[in-house]
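*Asks:* give the three-dimensional model of this entry:
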Amino acid sequence: MQLAINSYGSANQGYRPSASHIIVYVTSSNPTDDDPASLVYTIRRQGLYQIAVITVGIAPSDKLLSIVGKDCIYKAAGMNDLMTNGINFMQGLSCAAKPLCGF
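*Replies:* As a prediction, this is how the structure comes out:
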């Protein structure tokens, strides 16, 4: 997420304001380092990206739940679920008429 904050917010770096942008945080473990909420707050304040979380084979921790709403998290049972339903979940978010996960 820090990379997105620092590197991908201007047109010369590929950012197009007319397109929908989503950061997808996919993890099979819960975060053990710093709380990601402050980074997510910075990203949301910039108004450039939506944020979605996909967990694989785990129940999301409070840290993960704190960075997105319930409609922006998908709990994949395993890799097969991720590659089918997880992809469908992301397509639904990216093709929505209005942003569902931020801004």
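
*Asks:* for the longest helix anywhere in the chain, buried residues please.
*Replies:* The single longest helix within the chain, with elements called by DSSP state H, is helix 37-46. Applying a neighbour-count criterion of 16 or more other Cβ atoms under 10 Å, one finds L39, V40, I43, R44 buried in helix 37-46. Every C-beta, even on glycine, is put in place using the N, C-alpha and C of the backbone.

*Asks:* what's near enough to touch the second one?
*Replies:* Listed by Cβ atoms under 8 Å, 6 or more residues apart in numbering, the contact partners of V40 are M1, I51, I67, V68.

*Asks:* taking those residues one by one, which sit in helices?
*Replies:* Using DSSP H, the contacts of V40 in helices are I67.

*Asks:* what about the residue nearest to P36 when sequence neighbours are not counted, how many neighbours?
*Replies:* Among residues not flanking P36 along the chain, I67 sits closest, at 5.4 Å (Cβ to Cβ, 6 or more residues apart in numbering). I67 has 25 neighbours, counted by other Cβ atoms under 10 Å.

*Asks:* can you pull the contacts of I67?
*Replies:* Y25, P36, A37, V40, I51, V53 are the contacts of I67 under Cβ under 8 Å, 6+ apart.
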